[in-house]
Each structure stands twice: as structure tokens, then as C-alpha cells.
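**Q** Fold the following and give me the result.
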Amino acid sequence: KDDDELWAIVQNVEDGKHTKFSVDDDGVVWFKDRLCVPSDQALREKPLKIAMWKWDEISMDFVTGLPTTQKRHDAIWVVVDRLTKSAHFLPIRKNYRI
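**A** The predicted model follows:
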């Protein structure tokens, strides 16, 4: 509540003046897809919690029984990272050594 500029943006959004800014149901201000942080130096320097185990959000699986490609790949190694919302599909051979 100490950031007058941010509160002015919130007021303008409520009045329908800003199209690039939005306020969600929790009162969080967004600029396009970016979170707006108040001009509070202590808040900006506050460290974020680090995940205790980075592999909790990653899963792997193998898809086998596929027809062989020209490079003799016959399986796909699927790696899904839920934290970054990304997936990787790696062509492999069943007899690869990992």
C-alpha cells in the first residue's frame, strides 16, 4: 500500500483505462504475463524459497515397440518437467546404454 504508482495502476485498471495491465481475483497486478512487484526494496531483496529436491517435478518414461527409423531408433525417451511445463522427446534405441 506504500507504492503510489502501483495503486494508480490498480485504480486505472478498475476504471478501464489500462489494457496492458490486469488485476486477478487475488488482487495481484500483472503487466501482460509479468507479475508487478511493489517498489519495496526489502520485498524485492527477500530471497525466494528454493525447492528441497529438484527432481520432484521431473518424470521420465520410455515408449517402446515402435517401428525402427532410418537411424535405427526404435523407442522414445520422454522427460516431463512440470516446473517449467516442458517435455522432451528423445529418439533412442532400446539397446542404448544410459
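**Q** Residue 88 looks like it's in a helix, true?
**A** No - counting by DSSP: H, G, I helix; E, B strand; the rest coil, residue 88 is not found in a helix; it is strand.
**Q** what about it, how many neighbours?
**A** Residue 88 has 11 neighbours, counted by other CB atoms under 10 Å. C-beta here means a position set from N, CA and C on the backbone, and glycine is covered the same way.
**Q** Next up, the contacts around it.
**A** 78-79, 81 (CB atoms under 8 Å, 6 or more residues apart in numbering).
**Q** same deal with residue 3?
**A** 38-40.
**Q** The same query, at a cut-off of 10 Å, please.
**A** Residue 3 makes contact with 9-10, 29, 36-40, 43 under the criterion CB atoms under 10 Å, 6 or more residues apart in numbering.
**Q** cool, and residue 31?
**A** 9, 18, 20-22.
**Q** can we see that at 6 Å?
**A** Shown in contact with residue 31 (CB atoms under 6 Å, 6 or more residues apart in numbering): 20-21.
**Q** Which secondary structure elements does the longest helix out of those in the chain sit against?
**A** Taking DSSP state H as the criterion, the chain has its longest helix at helix 4-14. Counting contacts by 3 or more CB pairs under 6 Å, 6 or more residues apart in numbering; DSSP states H and E, helix 4-14 is packed against strand 21-23.
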